[in-house]
Structure formats: C-alpha cells, structure tokens
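Colleague: What follows is a protein structure lacking sequence information:
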C-alpha cells in the first residue's frame, strides 16, 4: 500500500498524463481525507476532471484522521514549519507505515522514518 499526495492526483487527472496514470499501482493506493478535500476543492478543476476524480476517490481507500494521526501531525508541526495539510498527510503515512507518493518531495524532506517517492520525471 502507498499513500498518494494531492498533487499527484491532480497531475494524473490532466489530459496527457497517461504515463503517470499507468505508473501508479491503483489497487495498492490509499489517500488521506485531506487529499480528498484538497483535490476536490482545487479551484482550477474542470467539470470533467472533477467527475473523474470523484469516481477515483470512490474506488480508493480514504484514510480518516485518527487520534494517532492527529498526535503525529501535532508533533510534526511543533518540530518544523509545515502546512496543516502536509503534516496530516505525512502523519498518515507514518502511522500507517506506508510510503508517501508526492511530487513535492521538498515539503517532506527530513522527516524521520517517512519514505517518499516521486512518480514524476525530474525536469
């Protein structure tokens, strides 16, 4: 199982992202509830993108914010500057013991025990 970050889903929903969509093992993917909120709330989504993403979320495991995730997110925010969303997403991956798939690798650098994977090619 892998936890996929919001930016990866947004990139995957774009036309021409066939290679990215094929590279993600969708049957082995979970997302944080924060990712669902961030992605479906993204103001630049077209109606077809939104519909495709809503269908995708209905097929994925959406991990809620448990007490353990909340406590780990609090700890992360105390130790470093990170957004609330990123701290919850990182904490979810840590608590679940699964890698985080994101293109925003620098947002998660230096978090002990967090395995981060970037599915997109480097520029």
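Modeller: Everything's here; your move. The model shown is predicted, which means the values in this text are computed figures rather than measured ones.

Colleague: And the helices in this structure, which stretches?
Modeller: Using DSSP state H, the helices found in the chain span residues 6-13, 18-23, 33-40, 47-59, 67-79, 84-96.

Colleague: For the fifth one, which residues meet the burial criterion?
Modeller: By neighbour count, and taking 16 or more other Cβ atoms under 10 Å as the criterion, the buried residues in helix 67-79 are 69, 72, 73, 76, 77. In short, each C-beta sits where N, CA and C put it, glycine included.

Colleague: other SSEs contacting it?
Modeller: Judged by 3 or more Cβ pairs under 8 Å, 6 or more residues apart in numbering; DSSP states H and E, helix 67-79 is in contact with helix 84-96.

Colleague: Show me which parts of the helix it packs on are buried, residue by residue.
Modeller: Residues of helix 84-96 classed as buried: 85, 86, 87, 88, 89, 90, 91, 92, 93, 94, 95, 96 (neighbour count, 16+ other Cβ under 10 Å).

Colleague: Measure how that helix sits relative to helix 33-40, angle-wise.
Modeller: 140 degrees (axes from the mean of the first three to the mean of the last three Cα atoms, to 10 degrees).

Colleague: between helix 84-96 and helix 67-79, how big is the angle?
Modeller: On the basis of the same axes, to 10 degrees, helix 84-96 is oriented at 130 degrees to helix 67-79.

Colleague: Which elements pack onto helix 84-96?
Modeller: strand 2-4, strand 29-32, helix 33-40, helix 67-79, strand 100-101.

Colleague: which regions of the chain sit below the pLDDT cut-off?
Modeller: By pLDDT under 70, the low-scoring segments of the chain are 123.

Colleague: Could you rerun that using 80?
Modeller: Residues of the chain that meet the criterion pLDDT under 80 lie in 121-123.

Colleague: Nearest to residue 49, out of the helices and strands packed on helix 84-96?
Modeller: The closest of the helices and strands packed on helix 84-96 to residue 49 is helix 33-40. By Cβ to Cβ, the value is 9.5 Å.

Colleague: now what about that closest one, what contacts it?
Modeller: Applying Cβ atoms under 8 Å, 6 or more residues apart in numbering, the external contacts of helix 33-40 come out as 4-6, 9-10, 45, 50, 53-54, 57, 62-65, 85, 88-89, 92.
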